[in-house]
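Participant: I'd like to go over a predicted model; first the sequence, then the structure.
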Amino acid sequence: MRTAGHWFIVAVCGAAVLATPIATAMAQLVQAGTLACHGGPDTGFILGPVTNLDCVLHADGAPDSRYVAAIPNLGIFIGEEEVALTWKVMAPVPWLGLDQLAGSYTHESGTADNVLAGGMNTPITLHPLNEDAFPIPRVKIESLEIRSMDR
């Protein structure tokens, strides 16, 4: 009986040691690239209450990936002026696979303006690159939907 108890303790400790790096990796996000979105007379358009912007994910060591960001109720008429939005893409790993950025993103309460969290299968957070990266007048984005243009 004493031997079985020791094996149980060893198994529990081993499982805890193996699970610790996984939990730590999930809790920490690293920059996986920069998402640059823009719209203007030739690139962005408004379809009802949704503004669509052309976006490019720039990541070190990977080809650029093209996306469309659909932002509901942005409140700016894209057809008359250029709008540029830039985010740092934070993910559990420093690289993203094809279409991994696609998904729905929302502003979480308690975070700074225009910080959005979401994704489909991978937890991703979008942080404004800097305060100057957003247009004047300032806009507050509550949600957006990102879809791939490469497919």
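Facilitator: Structure received.

Participant: when you work out contacts or count neighbours from here on, use the C-alpha atoms and nothing else.
Facilitator: Noted.

Participant: lowest average confidence, helix or strand, in the chain?
Facilitator: For the chain, counting by mean pLDDT, DSSP states H and E, helix 2-27 ranks last in confidence among helices and strands (a mean of 48).

Participant: who touches the helix or strand following that helix?
Facilitator: As assigned by DSSP states H and E, the chain's next helix or strand after helix 2-27 is strand 30-39. Here strand 30-39 makes contact (Cα atoms under 8 Å, 6 or more residues apart in numbering) with 44-45, 52-60, 69, 78, 82-96, 129.

Participant: please pick the buried ones from these.
Facilitator: 44-45, 52-59, 69, 78, 82-92, 95-96, 129 (16 or more other Cα atoms under 10 Å).

Participant: and Leu101, how many neighbours?
Facilitator: Burial measure for Leu101: 27 neighbouring residues, criterion other Cα atoms under 10 Å.

Participant: let me know the secondary structure of it.
Facilitator: coil (DSSP: H, G, I helix; E, B strand; the rest coil).

Participant: could you check how far the residue lying closest to it once chain neighbours are set aside is from Ala36?
Facilitator: Ranked by Cα to Cα, 6 or more residues apart in numbering and with sequence neighbours excluded, the top spatial neighbour of Leu101 is Gly119, at 6.1 Å. Distance, Gly119 to Ala36, by Cα to Cα, to the nearest Å: 17 Å.
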